[in-house]
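>>> next one to model:
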Amino acid sequence: APPPQQPPPPPPRSRDGDGDVDWDNLVCLVCKRKLKSAAVLAKHVAESELHKQNVAARDAQRRPHDDGRTNGRGFSEAAPERRR
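Purely as a prediction, here's the structure:
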């Protein structure tokens, strides 16, 4: 009989709330880099220019583009256009 299959590993845990860091595996999920120690990973998150740029780029993608036609909740204000 074949040996029983192992269940898939659980998803990486994060202690930083944003899901940016997998502390168990010492990986910066934003930069997709594995570091050698928790101290090096903490320094990377706090001081790395690459990390800051990658976080800014990710946040810019998540944010809806404001072209002046949204009401702050992501819905366009179409009524003024219909009234023209």
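
>>> for Arg62, see how far away Trp23 is.
23 Å (Cβ to Cβ, to the nearest Å). C-beta coordinates here come from the backbone N, C-alpha and C atoms, glycine included.

>>> more neighbours: which of the two?
More neighbours surround Trp23 than the other of Trp23 and Arg62, with 14 against 7 (other Cβ atoms under 10 Å).

>>> so the more buried one sits against Leu41, correct?
Yes: using Cβ atoms under 8 Å, Trp23 makes contact with Leu41 at a distance of 7.2 Å.

>>> next one, pLDDT for Gly17 please.
For Gly17, the model assigns a pLDDT of 51.

>>> now swap in Lys43 and tell me
pLDDT, Lys43: 94.

>>> neighbours of it, how many?
Lys43: 13 neighbours (other Cβ under 10 Å).

>>> can you tell me the element it falls in?
helix 38-47 (DSSP states H and E).

>>> which other residues reach the helix or strand following that helix?
Note on helix 38-47: by DSSP H and E, the next helix or strand toward the C-terminus is helix 49-62. In this structure, residues lying in contact with helix 49-62 by Cβ atoms under 8 Å, 6 or more residues apart in numbering are Asp20, Cys28, Val30, Cys31, His44, Val45.
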